[in-house]
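> Okay, sequence plus prediction incoming.
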Amino acid sequence: MTLVMGIVNVTPDSFSDGGRHLDPEAAIAHGRDLRAAGADILDIGGESTRPGAQRVDPAVERERVLPVVAALAGDGIPVSIDTMNAATAVAAVEAGALFVNDVSGGLADPEMLAAVAALRCDVILQHWRGHSADMYAAAEYRDLPRELVVELEARVAAAAAAGIPPARIVLDPGIGFGKRGAQNWEALRALDRVCAMGPRVLVGTSRKRFLAEALAGGEASDSVDERRRDLATAVTSVLAAQAGVWAVRVHDVGATRDALTVWRRWEDGR
Ligand code: PMM
């Protein structure tokens, strides 16, 4: 069964739940709600990666996430730490996190892969071409599926060189990262190629701009509310499951859990 990773953003500026979960108690309560709704893993992040976002001081990031990681891991919930900073990854794993989710695939912090190798935890390496402040500058591809696979292979090789075996790696095509509108659909079409690389695969489409653009007919997407984005996310999550991913990363865990359950029944009936 495809796993569901629930998103707990502890940031003031996240486009999805901005401001609501800065209070650690509120973030912890939200994480527990996502667990009750069927999340297999909770992904906790203290730095927004929305397009145009500025970097956060790693000390501030740690202050935001560590109490939340400690409380949810203390409940026995598998926790992932969404960070590009090695020091935050180390502190979070020491507080109980089982996964390090680095959206930069180990590129943002030169210490990250060695730190993960020493921690002996699992690591999510996402396809990434640069920080959010200028993320679209690098959104140029001649052959997106091929470049996506080649660049992910390079991250697997860098991880291996640092001492991380493929069995501890999860790959992610990085939907919305260095990819504009239609390029995200191309990356999703390439999911079976990414799955064929060997390591487990995670994909995150949740509430992302390209879904809202699709529903708005390619127009400005602010008119597409959260409910419609969550429905679109449940659909793309099922299609990703069909392509063979190990897990999907979502905000509305209940909707995607239900969609995956229905898809499972469909598959079992064949
Ligand atoms: N997307 C966001 C943040 N972290 N991590 C992984 N592995 N994959 C993603 O697609 C991903 C991520 C941005 O979305 P959010 O701000 O809504 O969490």
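Sure thing, it's come through. Not measured: the values here are computed from a predicted model.

> Which stretches in the stretch 101-250 of the chain count as helices?
Ranges of helices in the stretch 101-250 of the chain, per DSSP state H, counting those that start in this stretch, are 112-119, 144-162, 181-189, 191-195, 209-215, 226-243.

> so can I have TSV of these showing mean neighbour count, distance to the ligand and mean pLDDT?
(Glycine included, C-beta is placed from N, CA and C.) Listed next are those as TSV, based on neighbours: other CB atoms under 10 Å; distance: least, CB to the nearest ligand atom, whole Å; pLDDT from 0 to 100:
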stretch	mean neighbour count	distance to the ligand	mean pLDDT
helix 112-119	21	14	98
helix 144-162	17	12	98
helix 181-189	17	10	97
helix 191-195	18	13	98
helix 209-215	20	10	95
helix 226-243	19	10	98
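
> Turn those helices into JSON lines, including distance to Gly130.
Converted to JSON lines, these look like this (distance: least, CB to CB, whole Å):
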{"stretch": "helix 112-119", "distance to Gly130": "16"}
{"stretch": "helix 144-162", "distance to Gly130": "12"}
{"stretch": "helix 181-189", "distance to Gly130": "15"}
{"stretch": "helix 191-195", "distance to Gly130": "20"}
{"stretch": "helix 209-215", "distance to Gly130": "17"}
{"stretch": "helix 226-243", "distance to Gly130": "24"}
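
> Tell me which residues touch the closest residue to Ala71 other than its chain neighbours, please.
Nearest non-adjacent residue to Ala71, counting by CB to CB, 6 or more residues apart in numbering: Ile28, 4.6 Å away. Residues near Ile28 by CB atoms under 8 Å, 6 or more residues apart in numbering: Pro67, Val68, Ala71, Leu72.

> And the average pLDDT for the strand or helix carrying the third one is what?
Ala71 is located in helix 58-74, with elements delineated by DSSP states H and E. The pLDDT scores in helix 58-74 average 96.

> Against which helices or strands is it packed?
When contacts are defined as 3 or more CB pairs under 8 Å, 6 or more residues apart in numbering; DSSP states H and E, helix 58-74 sits against helix 24-36, strand 41-45, strand 79-82, helix 86-94.

> which helices and strands sit right next to the third one?
With contacts defined as 3+ CB pairs under 8 Å, 6+ apart, the secondary structure elements packing on strand 79-82 are strand 41-45, helix 58-74, helix 86-94, strand 99-102.
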